[in-house]
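1. next comes the sequence, and after it the predicted model I'd like to discuss.
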Amino acid sequence: MNRTAFLAALGLSLALPAFGELDKDDPDAELASFQLPPGFEANLFASEREGVIKPIQIRWDARGRLWVIQSTTYPS
Amino acid sequence: MIPGEVPNDKVLILEDTDHTGRADKVTVFADHLMIPTGLEIAPETSFEVETKGGDEKSSPRKAKYFCSACYVGEGTKLWLLTDTDGDGHADKREVVLRGFGTGDNHQNINSFRWSPGGDLMFSQGLHARARIETPYGIVPLDAAGFWRFRPLEQRIDAFYGGHAEPQNPWDSRGRTGARC
């Protein structure tokens, strides 16, 4: 689980080639736009809906919890 | 941000408690930060509290509390944020080191990772000029480079420096490197 969750969390901060055509506020639309190699899957672990806004660094701890630093202060 | 607005950047902990692959519990570990740029998990501690049972005849119970902690880079400072009472929120904030460069705030200390040897490694960007006060003297680092902090000695060493962008100091195979 952690691996796929990590990929999804990573996806939060990656710009997509087709991002301009998507609703930027809709994480489900962004998830649906992923093009993955055979054998891979991506799932949404967290998004702005959980309060994750402009994530800067993420770390997993030994309990499987995802720590995030985020900033609403940094200019958009 | 607009003038008069109080910065309220956060350290969040996201948990998937029901194992669905999606976070269902969000805890604000720390708030009222201003542009934190680096994060790493610090060693966890725990303590036990003995509580009496429901009546006089029942035996005492022990409740165990886990106290999380993390290092955060924020502007000129390296913080150690600690939850001392086990409620999931940092109630102790210590400045570990100060004097990191803030010449361009998206180049502040970043990309925190423990090295395989247990040192805290992180990077700074091109426009940072750092002068870190330590028990061993002032440690400078101009422009882009790596830092190595040894928590047990409170010693920090600067590496590289120069006009290039250092990348995440360690990869999953324990290798380190720089892009020039």
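-> Perfect, thanks for sending it.

2. C-alpha from now on. contacts and neighbour counts both.
-> Will do.

3. could you list the low-pLDDT ranges of chain B?
-> B:53-54, B:163-171, B:174, B:176-180 (pLDDT under 70).

4. pick out the residue closest to the middle of it.
-> Nearest residue to the geometric centre of chain B (CA atoms, centre = their mean): B:Tyr71, 1.6 Å.

5. what comes into contact with the helix or strand containing B:Glu50?
-> In this structure, B:Glu50 sits in strand B:36-51 according to DSSP states H and E. With contacts defined as CA atoms under 8 Å, 6 or more residues apart in numbering or on different chains, strand B:36-51 is touched by A:56-61, A:68-71, B:9-10, B:60-75, B:80, B:86, B:106, B:108-114, B:122.

6. just the C-alphas of the strand or helix carrying the residue nearest to the centre of chain B, formatted as PDB.
-> Secondary structure from DSSP H and E places B:Tyr71 in strand B:61-74. Output in PDB follows, covering the C-alpha atoms of strand B:61-74 (Å, rounded to 0.1, in the frame of the first residue of the first chain):
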ATOM      1  CA  ARG B  61      -3.300  -0.100  34.600                       C
ATOM      2  CA  LYS B  62      -0.400   1.300  32.600                       C
ATOM      3  CA  ALA B  63      -1.100   3.600  29.700                       C
ATOM      4  CA  LYS B  64       1.700   4.100  27.200                       C
ATOM      5  CA  TYR B  65       2.100   7.400  25.300                       C
ATOM      6  CA  PHE B  66       4.200   7.800  22.300                       C
ATOM      7  CA  CYS B  67       5.900  11.200  21.600                       C
ATOM      8  CA  SER B  68       6.700  12.000  18.100                       C
ATOM      9  CA  ALA B  69       9.200  14.600  17.000                       C
ATOM     10  CA  CYS B  70      10.600  16.100  13.800                       C
ATOM     11  CA  TYR B  71      13.300  18.400  12.500                       C
ATOM     12  CA  VAL B  72      12.000  21.300  10.400                       C
ATOM     13  CA  GLY B  73      13.900  23.900   8.400                       C
ATOM     14  CA  GLU B  74      12.300  27.300   8.500                       C
END
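
7. ok, now which ones touch the nearest residue to B:Trp147 once chain neighbours are set aside?
-> Distances taken as CA to CA, 6 or more residues apart in numbering or on different chains put B:Ala158 closest to B:Trp147, at 4.8 Å, once the chain neighbours are dropped. Neighbouring residues of B:Ala158 by CA under 8 Å, 6+ apart: B:Val139, B:Pro140, B:Leu141, B:Gly145, B:Phe146, B:Trp147, B:Arg148.

8. which element follows the helix or strand hosting the fifth one toward the C-terminus?
-> If I follow you right, that is B:Phe146. According to DSSP H and E, B:Phe146 maps onto strand B:145-150. Remark: after strand B:145-150, the chain's next helix or strand is strand B:155-159, criterion DSSP H and E.

9. what angle sits between that next one and strand B:145-150?
-> In terms of direction (axes from the mean of the first three to the mean of the last three CA atoms, to 10 degrees), strand B:155-159 departs from strand B:145-150 by 160 degrees.

10. strand B:155-159: partners in the sheet, and parallel or antiparallel?
-> strand B:145-150 (antiparallel) (DSSP bridges).

11. who does the strand holding B:Tyr71 touch, helix- and strand-wise?
-> Packed against strand B:61-74 by the contact rule (3 or more CA pairs under 8 Å, 6 or more residues apart in numbering or on different chains; DSSP states H and E) you find strand B:36-51, strand B:77-82.

12. parallel or antiparallel, list what pairs with it.
-> strand B:36-51 (antiparallel), strand B:77-82 (antiparallel).

13. which other residues reach the shortest one?
-> Yep, that's strand B:77-82 we're talking about. B:30, B:42, B:67-73, B:89-100.

14. 10 Å instead, please
-> The contact list for strand B:77-82 (CA atoms under 10 Å, 6 or more residues apart in numbering or on different chains) reads B:11, B:29-30, B:36, B:38-45, B:67-73, B:88-102, B:108-109, B:132.

15. and B:Asp142, what are its bridge partners?
-> Beta-bridge partners, per DSSP bridges, of B:Asp142: B:Arg129.
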